[in-house]
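J.: Dropping the sequence and predicted coords here.
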Amino acid sequence: MSAEDDLQYAEQTAMIKRRFDPVMTEPIPARLYMKSPPWIDYARAAAVLAVGIAIGLAIPELRPAPGPAAVAMAQLPIRAARAHLVYSPEVRHPVEVDAKQQDHLVKWLSKRLDVSLKVPVLTQEGFELLGGRLLPGNDGPVAQFMYQDAAGKRLTLYVTRTKKSEEKLTSFRFAKEGSVSVFYWIDEECGYALSGEVDKTTLAKVASLVYKQLES
Amino acid sequence: MDFELIVPYIPNLRRYARALVGGRDGADDLVQDTLERAVRKFHLWKPGDLRAWLFSIMHNVFVNQLKSRRIVASVEIDEETIAAHVPTVTGTDVMDLERALGKLAPEQREVVLLVALEDMSYADVSRALGIPIGTVMSRLSRGRERLKRVMDGEQPRAELRVVQ
């Protein structure tokens, strides 16, 4: 292949990228992950099956396995951190509904999660609400609220509905998932996780503010 | 086992599907079928390159769709998409590129696009499409050559481009 060919193919690649890269930042149509309960259910069934098999293989005699609450609790910061990593870098579509329609946002997400949601005001720590979106969780819909400070740093608050029979109240906990710091806790109705690629001290201040406002 | 492992790859799958089949709806159908299959088959995934595995599933779904002729092997232009990207790409480029891609054989188009969009190595493409590395290389060079010729053949259109 000649050097001229190399150059032409590099241009060809650049043209293909230029044309199709914008697809990457388009909002993902809801039907790809929300309106298809059958295969979300497949995912859950597969997860349950895999865990069942793993437990069956690993524990010859039946020992008390960690309760569902413990499992859900352990997953909360991981899920929140992943959701943070997926959506917080979004330039054009960080949220589905922006803060200008805050009333609609809160009503919509409250309805989907079947709980009366409150949106914390974090202005005193320098963060303004950008908006929110609905996400698929393992046990139904999850709400994500996104905040941004003047420097463009973003925090997300991930809210899941908990099952009363399964979840125990917890105090504040901290987890680090890769580059993302997460403070999380569970109250009577919901699990909350505040995530950000910020230091623990900063995040702790904001998290305690969120906690105070939600639990008051 | 976990849908959330797959979610971060959805934008990549959508980008590739859009280039592969053209219009937005057909492309998202392909993505949706791929996701459903990936979730059903997730237990078969051996921890490793999840991206290559997802693209191999998309390849299988695409081939099945071609067989059942659900996808006409030509690229349609989605007007909304073009309108959205006019600021970065001239309309003429878009028309030329999408039409030219539609004129490649599907198996050449797959290789050209995986290399261009996903920066896949020959080995990655070989795994994703389930073909030998030698076949990857020959399809890539034939696909690129054909794409170049088709685009060159349409060059007169370039003279109609508005100079800004």
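T.: The structure has been received and is ready for your questions. Numbering: from 1, shown residues only, chains lettered A, B, ... in the order given.

J.: which residues of chain A fall in strands?
T.: Using DSSP state E, the strands of chain A run over A:97-98, A:128-137, A:140-148, A:154-161, A:173-177, A:180-186, A:190-196.

J.: biggest helix in chain B, by residue count?
T.: Ranked by residue count and defined by DSSP state H, the top helix of chain B is helix B:133-153.

J.: hmm, back to that, now the strands of chain A in a markdown table, please, with extra columns for mean pLDDT and mean neighbour count.
T.: In short, each C-beta sits where N, CA and C put it, glycine included. Below are the strands of chain A laid out as a markdown table (pLDDT from 0 to 100; neighbours: other C-beta atoms under 10 Å in any protein chain shown):
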| stretch | mean pLDDT | mean neighbour count |
| --- | --- | --- |
| strand A:97-98 | 86 | 16 |
| strand A:128-137 | 90 | 20 |
| strand A:140-148 | 92 | 22 |
| strand A:154-161 | 94 | 25 |
| strand A:173-177 | 84 | 14 |
| strand A:180-186 | 88 | 23 |
| strand A:190-196 | 92 | 25 |
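
J.: gap between residue B:20 and residue B:133?
T.: Distance from residue B:20 to residue B:133, counting by C-beta to C-beta, to the nearest Å: 21 Å.

J.: When the two are compared, which one has more neighbours?
T.: Using other C-beta atoms under 10 Å in any protein chain shown as the criterion, residue B:20 and residue B:133 rank with residue B:20 on top: 24 against 13.

J.: residues in contact with the more buried one?
T.: Contact partners of residue B:20, counting by C-beta atoms under 8 Å, 6 or more residues apart in numbering or on different chains, are B:27, B:30, B:62, B:106, B:109, B:110, B:113.

J.: For it, I want the exact helix or strand it lies within.
T.: Using DSSP states H and E, residue B:20 falls within helix B:10-21.

J.: for that helix, what is the average pLDDT?
T.: Mean per-residue pLDDT for helix B:10-21: 93.

J.: follow-up on the earlier one: which one of the strands of chain A lies nearest to chain B?
T.: Smallest distance to chain B across the strands of chain A (C-beta to the nearest C-beta): 6.6 Å, for strand A:128-137.

J.: Spell out whether that closest one and chain B are in contact.
T.: Yes: Strand A:128-137 reaches chain B (C-beta under 8 Å from any C-beta of the partner chain) through residue A:136.

J.: could you check the angle strand A:140-148 makes with that strand?
T.: Put simply, strand A:128-137 runs at 160 degrees to strand A:140-148, going by axes from the mean of the first three to the mean of the last three C-alpha atoms, to 10 degrees.

J.: If I take strand A:128-137 and strand A:190-196, what angle do their directions form?
T.: 120 degrees.

J.: Against which helices or strands is strand A:128-137 packed?
T.: Contact analysis of strand A:128-137 by 3 or more C-beta pairs under 8 Å, 6 or more residues apart in numbering or on different chains; DSSP states H and E lists helix A:68-87, strand A:97-98, helix A:102-113, strand A:140-148, strand A:154-161 as its packing neighbours.

J.: Make TSV out of those and add distance to chain B.
T.: Formatted as TSV, those follow (distance: least, C-beta to the nearest C-beta, whole Å):
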stretch	distance to chain B
helix A:68-87	5
strand A:97-98	19
helix A:102-113	18
strand A:140-148	10
strand A:154-161	12
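
J.: Now render these as JSON lines, adding distance to residue A:131.
T.: Below are the helices and strands packed on strand A:128-137 laid out as JSON lines (distance: least, C-beta to C-beta, whole Å):
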{"stretch": "helix A:68-87", "distance to residue A:131": "11"}
{"stretch": "strand A:97-98", "distance to residue A:131": "4"}
{"stretch": "helix A:102-113", "distance to residue A:131": "6"}
{"stretch": "strand A:140-148", "distance to residue A:131": "6"}
{"stretch": "strand A:154-161", "distance to residue A:131": "11"}
